[in-house]
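Colleague: Sharing a model prediction with you, sequence too.
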Amino acid sequence: MTNIGLLGAVSVGKTTILRLFVKYLKTNKIDEVKGGKSCTVVKTDFSGEAVLDPETGIKETKTIHPNRVVFRENELKRNHTLFAPGGDRGRAVVRMGVITISRIAKQIIAVFACDRPVKEQFQFFRDVRFFPKQIYVCFNKIDLIPDNQRTQTVESMKSEVIEFFAKRNIVVKEFYTVSAESVGGMESFNDKAAEMILFIATT
C-alpha cells in the first residue's frame, strides 16, 4: 500500500485533482490512460471541502480536515490512499493535518497553481519540515495560461521550484503539468493528472 500526500497552498487545486481521479476510476477511464489499469474506489472523504457563501454565491475552498481517497488495484488487490490537506497555514488544525500527512506519506506531490507567481506559493512549503529526499511536482491550472505562453511559463516555474527545493536538499523526481478542471480542449491535461497519481501510487 502507498500513502500519497498532495501538498500545496490554498486553492492550488489539490481537491480538484482528487475529484478528477475519482471520476476516472468510477467511469473506468483510468484503464485508457498511459499505464492504465483496472482500479476501484474503496472510500472517499471530502468532508469540509467547500463552503458556499450565501451572499455572493461564490464557492470558496475551506479544507479543514485532509480530504482522502482510497482506491484498489483490482489485479494485485493492493489499496492506496491519497491525502490532500488544506493549505491555510493560519489554522492550527489544518497545520496539524499537513504535518501528519507529510510524515506518513511515502510519496509527496507538491502542487503549484500556474496562474499565480510560484514564489508566493513557496511560503506554504517553508513551513513543512518533514519531506522525503525526492518528491514529485505538479503544475495545475495550465488551462488558465494562454496557449502561446504555456511552455515559457512552465519552464520558468520548473527552474524556480528546482532551486527552491535544492536549498533543502530535496530532488524533484518528475514534473507533471495538468488541468484538473474539465475544460474543453484540456482532455490531455486531465489525463495527465490521472496518469500522475496512478503512476506514483503503483510503481
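Modeller: Cool, the structure landed. In this text the structure is predicted, and so the values were computed from the model without any measurement.
Colleague: use CA for all of it now, contacts and neighbours both
Modeller: Will do.
Colleague: Would you map the strands across the protein?
Modeller: For the chain, the strands defined by DSSP state E occupy 2-7, 39-45, 50-52, 59-61, 67-73, 78-84, 107-113, 134-140, 171-177.
Colleague: what's around Ser159, how many residues?
Modeller: Neighbourhood size, Ser159 [other Cα atoms under 10 Å]: 10.
Colleague: can you check the one 10 residues further on too?
Modeller: The burial count assigned to Asn169 is 13, neighbours taken as other Cα under 10 Å.
Colleague: hang on, the earlier thing: JSON lines for the strands of the chain, including mean pLDDT?
Modeller: Converted to JSON lines, these look like this (pLDDT from 0 to 100):
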{"stretch": "strand 2-7", "mean pLDDT": "95"}
{"stretch": "strand 39-45", "mean pLDDT": "96"}
{"stretch": "strand 50-52", "mean pLDDT": "51"}
{"stretch": "strand 59-61", "mean pLDDT": "54"}
{"stretch": "strand 67-73", "mean pLDDT": "96"}
{"stretch": "strand 78-84", "mean pLDDT": "96"}
{"stretch": "strand 107-113", "mean pLDDT": "97"}
{"stretch": "strand 134-140", "mean pLDDT": "98"}
{"stretch": "strand 171-177", "mean pLDDT": "97"}
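Colleague: looking at the ones you listed, which is closest to Arg95?
Modeller: Comparing those against Arg95 with Cα to Cα, the closest turns out to be strand 2-7 (11.3 Å).
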